[in-house]
Every structure is written in structure tokens, then in C-alpha cells.
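>>> pasted the sequence and its predicted model underneath.
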Amino acid sequence: QVQLVQSEGRLVQVGGSLRVSCVASGDRFSAYAVGWFRQAPRKEREFVAAISWGGGSTKYADSVKGRFTISRDNDKSTAYLQMNSLQPEDTGVYYCAAAYDYDVPTYNWWGQGTQVTVSS
């Protein structure tokens, strides 16, 4: 199994950038695909991005394409979500999650969440 610990969140101005990280421990990190999700106040949790085991494949929600970049460094057992051109609608709690499969994932392991607030 793998344990996931996320970086602290912060307040960001509209148009700003933020990188959140997700550090894994326990099992071999490269055995897992990683996804990022977010949950805005009073809304359901939604998919943001995912990356395959070696980082060769990625996928994004339409709402973040061209602004967000998912990446990973397996040597550091860390996944990242780089968020640029942030907008108020990007506000929410961001979660990283791990799954054995990339194409049809079941995310069984979750980070604790990172609060991202985008303010105008």
C-alpha cells in the first residue's frame, strides 16, 4: 500500500500560479498511476488530471487543459500539479490519489487534501 502526503495550500491571486505536491511512502511509487481531484464548496468532487506509472501518458479535465500540468518524479516518489492562470472557479480542496490502473483506475489511496483559494 501507499501513503500520500500533500503540500500545504495557500491563497493565490487571480491569474497566479501554484504547484501542489503529493509525496508517497510505503509501496513502490512507480507501481501506481496518480490522479488529482478537486472539490469546491457545495459541489461534488471532480477529476482534474491523471498520469500514468512512468509519466508517459496524461489526461486532463477540459476545464484545466492548457492551464494545469501534472507530472511525477518517481525517484522522489512525488507527483505534482502545476496550476497556472488560476481563476476563482479553481478554488477548492485538491486531492491526489493513487491507483494500480491508469486507463480504468480505482483510486484506493488518497492524500489529505490541499486547500487552494483563488482570490480576486
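Cool, got the structure.

>>> the bottom helix or strand of the chain by mean pLDDT?
Counting by mean pLDDT, DSSP states H and E, the chain has its least confident helix or strand at strand 10-13, which shows a mean of 95.

>>> and that one, which strands flank it?
According to DSSP bridges, strand 10-13 has the following sheet partners: strand 114-119 (parallel).

>>> contacts for the strand it pairs with?
Residues outside strand 114-119 that contact it (CB atoms under 8 Å, 6 or more residues apart in numbering): 6-14, 16, 18, 20, 38, 83, 86-95. For the C-beta atoms, the positions are set from N, CA and C on the backbone; glycine is no exception.

>>> which ChimeraX command selects the buried ones in those?
Buried residues within these, by 16 or more other CB atoms under 10 Å, are selected in ChimeraX with:
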select :6,7,9,12,18,20,38,83,86,90,91,92,93,94,95
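
>>> wait, is residue 89 part of a helix?
Yes. Assessed by DSSP: H, G, I helix; E, B strand; the rest coil, residue 89 belongs to a helix.

>>> hmm, it is touching residue 41, no?
No. Counting by CB atoms under 8 Å, residue 89 does not reach residue 41; the two are 11.3 Å apart.

>>> just want the most central residue of the protein.
Nearest to the geometric centre of the chain sits residue 36, at 2.9 Å (CA atoms, centre = their mean).

>>> so who does that one touch?
Residue 36 is in contact with 20, 22, 48-50, 70, 79, 81, 94-97, counting by CB under 8 Å, 6+ apart.

>>> greatest separation within those: which pair is it?
Using CB to CB, those span at most 14.8 Å, a distance reached by 20 and 50.

>>> residues contacting residue 23?
Going by CB under 8 Å, 6+ apart, residue 23 touches 4-6, 76-78.
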